[in-house]
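Asker: This is a predicted model, with the sequence first.
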Amino acid sequence: MRILIKNIKELLQTRAEHVDMVAGAAMKVLPKIEDAFLLIEDEDILDYGTMDHCPVDDESISKVIDAQGCVVLPTWVDSHTHLVYAGNRTLEFVDRINGLSYEEIFNRGGGILNSAKKLQETSEAELYEQSKLRLEEVIAQGTGAVEIKSGYGLTVEAELKMLRVIKRLKDNYPIAIKATFLGAHAFPSEYKDNHTGYIDLIVNEMIPAIAKENLAEYIDAFLETGYFSVEETERIMEAGKQYGMRAKIHVNQFTAIDGIAACVKHDALSVDHLEIVTDADIEILKNSKTMPVALPTCSYFISIPYTPAKKMLAAGLPLALASDSNPGTTPSGNMNFVVATACIKMKLTPEEAINAATINGAYAMGVGTTHGSITKGKKASLIITKPLHSFYEIPYAFASNPIGTVILNGEIQPYKN
């Protein structure tokens, strides 16, 4: 089946050859073609170019989409989410408004432990039903590839339940999904004074059980003061590596405790959050293949510092953007708002932000060969916007919905906001 999209106002992120990532000053450059066409064959991008080279609408083309006045770009790649969870944490939202900090809420049994209790009490079938609605929402908002973490189970059975739901979503929806095991999200109450015992459970029981069912590609830990130490996280990364799970680690959200150095040492694919970044951290990242990932809407929602993106780019680093969608600190997977927040609060240019949310996000998720750019042979996973003056309107009109049509693997998606 062939679909022709013609009269495209701006076709963004056009790359003749595959590029792993863009970094530093190169992030200011977003290649585009004006007055363009794009031809899809089955699931893939077959061809694209200017309208004066547009193929004739002949019988080989099954459908023609006139994108007059519209922008076309690759779907967003959201490399850090917690989309699978039970219930919500609206009461904590009010607590935070009334002045309680993240740590204070956690210390009185809220936060991650609150979500874990709800999830343990929720059946796998109900968890799937709740989670699929969130997945359909982010597809409608233009996300075409998403990483989803466990971490609200904190028991062998509940972590497996979460990962089985992620696998079922992956089997039932056309969006690209990668699963990450995050058993090291918090210490359960019964292990509050026995950290070694819980890490033994992760290493000796959870990881082998997950590997046996092939339920996760990646492994994660909340490497942070008051959560998992550098040494504890290193043990978890080593154990994951033995079962083929590469590390993608929460780090430097509240404090800098040499966690980035440990992640780079263990060849982590990404280090995520980075609201606090030292000069030493930047130097370590310069000499690595680890992608820094910023989560600006988490900073927005809980009023913590933003990742120092401009400083990092000035040092020549790459940067990816992700939503951190979760029930407590970022209850939204809207990548359009992530891009807008990065521009408005972190002072990224629209070009830098879109590069971070597409090509660099694809690297951070491990799907760069299939997603993240308009390249012949990559998956035809595309956003067709509503008519816009220019692509700058996506972050500029931050509360508007720019999405007209979403195509995943060559198929127009039915989901709407």
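Answerer: Ah, there it is.
Asker: from here on, contacts and neighbour counts on C-alpha atoms
Answerer: Noted.
Asker: following the strand or helix carrying Ile207, which helix or strand comes up?
Answerer: Counting by DSSP states H and E, the element that carries Ile207 is helix 207-212. Later in the chain than helix 207-212, the nearest helix or strand by DSSP H and E is strand 218-223.
Asker: ranges for the helices of the stretch 251-400 of the chain?
Answerer: Per DSSP state H, counting those that start in this stretch, the stretch 251-400 of the chain carries helices over the ranges 259-265, 279-286, 296-302, 309-314, 335-346, 350-357, 359-365, 393-396.
Asker: Quick check: buried residues in the second one?
Answerer: It refers to helix 279-286. For helix 279-286, a neighbour-count test (16 or more other CA atoms under 10 Å) marks Asp281, Ile282, Ile284, Leu285, Lys286 as buried.
Asker: circling back: would you turn the helices of the stretch 251-400 of the chain into CSV with mean pLDDT?
Answerer: Formatted as CSV, those follow (pLDDT from 0 to 100):
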stretch, mean pLDDT
helix 259-265, 97
helix 279-286, 97
helix 296-302, 96
helix 309-314, 98
helix 335-346, 98
helix 350-357, 98
helix 359-365, 98
helix 393-396, 98
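Asker: which one of those lies closest to Gln253?
Answerer: helix 296-302 (9.4 Å; CA to CA).
Asker: how much space is there between the closest residue to Arg246 other than its chain neighbours and Ile249?
Answerer: Of all residues not flanking Arg246 in the chain, Tyr218 sits nearest, at 4.8 Å (CA to CA, 6 or more residues apart in numbering). Tyr218 is 10 Å from Ile249, where distance means CA to CA, to the nearest Å.
Asker: try Ile374
Answerer: For Ile374 relative to Ile249 (CA to CA), the value is 29 Å.
Asker: Comparing the two, which residue is more hemmed in?
Answerer: Ile374 (31 against 26; other CA atoms under 10 Å).
Asker: who's in contact with that one?
Answerer: Counting by CA atoms under 8 Å, 6 or more residues apart in numbering, Ile374 makes contact with Leu12, Gln13, Thr14, Arg15, Ile45, Leu73, Pro74.
Asker: Would you mind measuring from it to Thr75?
Answerer: 10 Å.
Asker: again, but for Tyr396
Answerer: 19 Å.
Asker: what about these two, which has more around it?
Answerer: Ranked by neighbour count (other CA under 10 Å), Tyr396 and Thr75 place Thr75 first, with 28 against 16.
Asker: thought that one was touching Gln141?
Answerer: No: between Thr75 and Gln141 there is no contact under CA atoms under 8 Å: 9.2 Å.
Asker: doesn't Lys178 fall inside a strand?
Answerer: Yes: looking at Lys178 with DSSP: H, G, I helix; E, B strand; the rest coil, it is inside a strand.
Asker: Report the secondary structure state of the residue nearest to it when sequence neighbours are not counted.
Answerer: Nearest non-adjacent residue to Lys178, counting by CA to CA, 6+ apart: Glu147, 4.7 Å away. The three-state assignment at Glu147 reads strand, by three-state DSSP.
Asker: buried sites along the helix-or-strand element of the chain with minimal mean pLDDT?
Answerer: Here the helix or strand of the chain ranked lowest by mean pLDDT, DSSP states H and E is helix 102-107, holding a mean of 78. The neighbour-count check on helix 102-107 (16+ other CA under 10 Å) flags Tyr102, Ile105, Phe106 as buried.
Asker: what sits against the second one?
Answerer: Yep, that's Ile105 we're talking about. The contact partners of Ile105, taken as CA under 8 Å, 6+ apart, are Glu92, Asp95, Gly111.
Asker: Among the residues you listed, which lie within helices?
Answerer: Glu92, Asp95 (DSSP state H).
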